[in-house]
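K.L.:
Generate coordinates for the sequence data below:
(chains A, B and C)
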Amino acid sequence: MISDLFSVTVLVGILASGIRLATPYLYAAIGETFSQRSGVLNLGVEGQMLLGAFAAFYVTLTTGNLWLGLMTAMLVGALMGLAMAYVTVNLQAQQGISGIGFYLFGLGMSDLLFQKLMGTVETVKGFPKIHIPGLSDIPGIGEIFFSQNILVYGAYLLVPIAWFVLNKTTLGLKIRSVGENPDAADSLGVNVGRIRYFTIILGGILSGVAGASLSIALLNVFQQNMTSGQGFIAVALVYFGAWRPTGVLGGALLFSLINALQLWVQVLNIPVPSEIAVMMPYVLTILVLVTSVSKVRAPSALSKPFEREN
Amino acid sequence: MKKFAWLLTLVLALSLVLSACGAGATPTPAPVEKFRVAVVMPSAINDLAFSQSMYDALVRVQKDMGGPDKFEIVYSENMFVVDDAAAAIRDYATKGYDLVIAHGSQYGSSLQEIAPDFPDTSFAWGTTVDTFGLPNVFAYEAASQEGGYVNGVLAAALTNTDVIGVIGPIETGDAKLYVDGFKAGVLSAKPGAQVNVNYIGSFSDTALAAEAATTHIAAGADILTGTAQMVVGAIGKAEEANVLWFGTQSNQSSLAPKIVVASQVYHWEVVLKQMIDLIQGGTLGGQSFTANLANGGEVIEVNPDSNVFDYAKPLAEDTVKGIIDGSIKITLP
Amino acid sequence: MDDAPSYGYLSVAVIRSLQVESVLHEVMAATMKKVFESEWVSRLIDGLLPVFATLAALLVGAVMLLFLKVNPIEAYKALWVGAFGTSNAFAETLVKATPLLLVGLGICISFRGDVINIGGEGQMIIGAIVATWVGLTFTTLPGWLVITLAMLAGFAGGAVWGGIPGVLKAYFRVNEILSTVMMNAIAVQLMNFLLRGPMIDPAQAELASKIPQTARLLEIFRLPRLIPTRLHLGALIAVILAVLVYILLWRTTLGYRIRAVGQNPHASRYAGIKVPRYIVLALLLSGAFSGLAGATQVFGVNYRMITDGSASGFTGSAGFNGIVAALFGQLHPIWSIPASILFGALLVGANSMQRVVQVPSALVIALNGLVVVFVVSSEIWRQKRQRRRLSVARQDGDSPPPADEQPVPHTEAGT
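P.N.:
Predicted structure coming up:
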């Protein structure tokens, strides 16, 4: 019944689930924030996540070393980013479309490797929940905030770091100027291509971690297409967050909390068709954005290739 | 750039002409004694669920019939796009396979179109009972409510909290049948128990399936079950929380040997063998088959590594026996 | 010397012939030069770039095939035969290309208007649902009327589903990438709900299996087939619409304004164009074509709606692949026709490759991704050559090429 939704168990459950569900979105969307701030739209996030998820899982499965798995995911993400950067910066390709190409490549390649190297679904021991003596035992709050695994904490730690880098460092200034006015940045001696290489590769690395957070921290399995559209949602959340890490955090949490809520709506046998419940996070994300009109403009040079005038 | 269009048109036209010439080169007919089967499946052959159940069964049939020389299997996996599957089915029929299996209820409509064009080819589709009245179409289905019921009875006996969680993809077909059977099984053994069902709206969202499992556990469930390939994420969560799991479609014990109590496994070979015998005798279709507990098309595989094996095994056997001899009647909502 | 005159004659003749020859040489050389440097050949090479890029991607794919211990020649032969090898195969390619082209036409409009519509999947689904409803409701009307109504309904359904993100973008500043991604997910759930509930096939409602599908359309409501294959009237409709979209974009005020808003919204505003209205229109029209694609899939291919729970089960990802096809076609409605066929051939041929040499379908998907990346990367050479041609033309004092042949503007993702 609907009143059941307002019990402590349910609220704690929703918060804890929401925080977990938001983790992959945060990594991927913050990575995307960097690349979009520098003027590059990367629609290939989903493919990078899938390859990262597989790399992390497979290395962990064969070596038993979670950190090595995570590093491999980052490396694979970086390589995908490098390829993407070459295509967008040097070859000046249409970004939206090349992103779809990289998505398809990652989707197929991760599944192909999975079939050839593993052949069947297996499980690994992922990053364990961190138990903080004292804090973890506080009823409710302990479960929500102090008994998640390290990659969950990492995602939330990333938000202030990203905010700091973008707003308080020279690098951040360069990234923003390249995204707003690459010609001016270029005339001031900023290497536009190099900055974009950096942000795209960073985006790839973070997407790789996003995948790893699924395969070796939250779910501890790998399956074909296991990201199931999360990479695209992550891109959407960058727009929701108006290209600010804090806004992205807000969007990721909102979407994930409503998703957690809809799971409870079904579990509590509230008579709502399951499809309507599943729709809720998507509908409400749009509605929230409609009602809270944001006046933030997109980076002016977003998705425009840069070429020096001669 | 307009020339590109012209040129391509030219190439295409040329290829059409070439195709007319190439059409004469039909593949050489296979030796008569070899039985050739083609199967079209919606997901991967190693999904630990619906598609794998069929692929494994075909491999078992192949073994019984004397290996690849006597029994050829070709497959198209991940044919989740209905009209891609239709193209594959038509292509296999054209190539003269003895039996073309459309392993997905969504392919029925296409089969209805294709089968009449190939009266000498036998088709099979599942899971359903509808052969469209066509003489060369077999239909097959699994009485997954039966296995669901057995799992449900075991679950009811093993729960301490009297709360049981179920995770499904979308509320239809084989998944719904299993879930409804499971529910009926639980309630028959423990009318006061609470069965919470969560359809996550997707066959692929592993993360949401896992979180659904966590939600069930937080709501007090100490036993979980689920159907379709995305539940592998949920099994991991069950293992973390040390909550028991019941599987279906394929044997899922390998994923979490400690907590999987039993899996309902489809043994389609029971159905396949009947079809093959009929085809070899000259009957190409028109009949429908059900894999169930009685004919061995469904088997409850109790996990020997489970802590509750000694308790679960006899209870499962008794329930199976009851369903087979009719002393247990399953009424679905 | 008696011979003198003849000698003189001969020498004159030789000299003359030499002169003629050299003139001939000059003419020939000039002609050759012209041929090699002419627009025609140059543009032909441009036009073939996507094909070359596809071949390059397939070459990389060949290496992957070797790793899988599959003979690439055999595999690619299967791909070719599967796409073009028989008249039936070629028909399948065209059937596959039809929704790609329809979605692609919408993409031509929206991307020209500088709105990125990645909601094609959802718009196809809604268009198909509405059209199916028409087909199942008005069973007593004549076939041609119901087909027409259903196509219009699909068009309208897609327009609504595309128009919503349009309104959200134009008047509420909600980015269309976000809203179209979300609207796709909403459409899928709506479809799943309708097909297992209100719109379920009455025959299935009786059965335990409850396959989530609608009833079948009456036979008279099906789109007529063009030849004895699965090729249906939808393909012809799509080609006709391609011409109409071309006219719309380059020969009407509406099209001019959509493109003007796309190229420079600020200037357009000063020019008195109501920018928000054209943003809505661009997305609305884009959605409408996707909706029509969905309707033709139901009335031309499947004859009912079926869901496997995902969008791509019904759409075959045409809502995404249509974007690729349109961009292969330089966002030009007419060029999108061969581009859709090329991409459709790749999809159909790849499935056939899976069947014949039994490579995992995953390889096929990865290969498609490579093709997309390679083709989109090859663009730079076309642009470079085009720029060189433009500068040559300017030096020669030729008039600039007509407006529709100017380089395609890069679309941007603005709020």
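K.L.:
give me the element the closest residue to chain B within the stretch 1-150 of chain C is part of.
P.N.:
Distance from chain B to each residue of the stretch 1-150 of chain C (Cβ to the nearest Cβ) is smallest for C:Gly47, at 2.4 Å. (C-beta placed from N, C-alpha, C; glycine too.) In the assignment (DSSP states H and E), C:Gly47 maps to helix C:39-67.
K.L.:
buried set for the following helix or strand past that helix?
P.N.:
Downstream of helix C:39-67, the next assigned helix or strand under DSSP H and E is helix C:72-80. Within helix C:72-80, the residues scored as buried using 16 or more other Cβ atoms under 10 Å in any protein chain shown are C:72, C:75-76, C:78-80.
K.L.:
What is the nearest of those to chain A?
P.N.:
C:Ala75 (14.1 Å).
K.L.:
my guess is the closest one meets C:Val63, correct?
P.N.:
No - at 11.9 Å, C:Ala75 does not count as touching C:Val63 under the criterion of Cβ atoms under 8 Å.
K.L.:
Tell me how far the residue of the stretch 1-150 of chain C closest to chain B lies from chain A.
P.N.:
According to Cβ to the nearest Cβ, to the nearest Å, C:Gly47 and chain A sit 18 Å apart.
K.L.:
Could you report the neighbour count for that residue?
P.N.:
By other Cβ atoms under 10 Å in any protein chain shown, 21 other residues sit near C:Gly47.
K.L.:
Strands of chain B, residue ranges please.
P.N.:
All strands of chain B, identified by DSSP state E, fall at B:35-40, B:71-76, B:99-103, B:122-126, B:137-142, B:163-168, B:194-199, B:223-226, B:244-249, B:260-266, B:288-291, B:298-302.
K.L.:
To A:Ala298, which of the ones you listed lies closest?
P.N.:
Closest of the strands of chain B to A:Ala298 is strand B:194-199, at 37.0 Å (criterion: Cβ to Cβ).
K.L.:
packing partners for the closest one?
P.N.:
In terms of contacts (3 or more Cβ pairs under 8 Å, 6 or more residues apart in numbering or on different chains; DSSP states H and E), strand B:194-199 is packed against helix A:245-267, helix A:274-291, strand B:163-168, helix B:173-189, helix B:206-218.
K.L.:
go with 7 Å
P.N.:
Secondary-structure packing of strand B:194-199 (3 or more Cβ pairs under 7 Å, 6 or more residues apart in numbering or on different chains; DSSP states H and E): helix A:245-267, strand B:163-168, helix B:173-189, helix B:206-218.
K.L.:
and those as TSV, adding mean pLDDT, distance to chain C and mean neighbour count?
P.N.:
Output for the helices and strands packed on strand B:194-199, formatted as TSV (pLDDT from 0 to 100; distance: least, Cβ to the nearest Cβ, whole Å; neighbours: other Cβ atoms under 10 Å in any protein chain shown):
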stretch	mean pLDDT	distance to chain C	mean neighbour count
helix A:245-267	94	9	24
strand B:163-168	95	10	28
helix B:173-189	93	6	25
helix B:206-218	93	12	28
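K.L.:
And the ones you listed: which comes nearest C:Ala91?
P.N.:
The nearest among the helices and strands packed on strand B:194-199, by Cβ to Cβ, is helix B:173-189 at 31.1 Å.
K.L.:
residues in contact with that closest one?
P.N.:
B:50, B:105, B:127, B:142, B:144-146, B:148-153, B:155-157, B:164, B:166, B:168-169, B:193, B:195, B:197, B:225, B:227-228, B:248, B:330-333, C:208-211 (Cβ atoms under 7 Å, 6 or more residues apart in numbering or on different chains).
K.L.:
which bits of the stretch 201-333 of chain B sit near chain A?
P.N.:
B:201-202, B:204-208, B:210-212, B:214-216, B:218-219, B:229, B:232-233, B:236, B:255-256 (Cβ under 7 Å from any Cβ of the partner chain).
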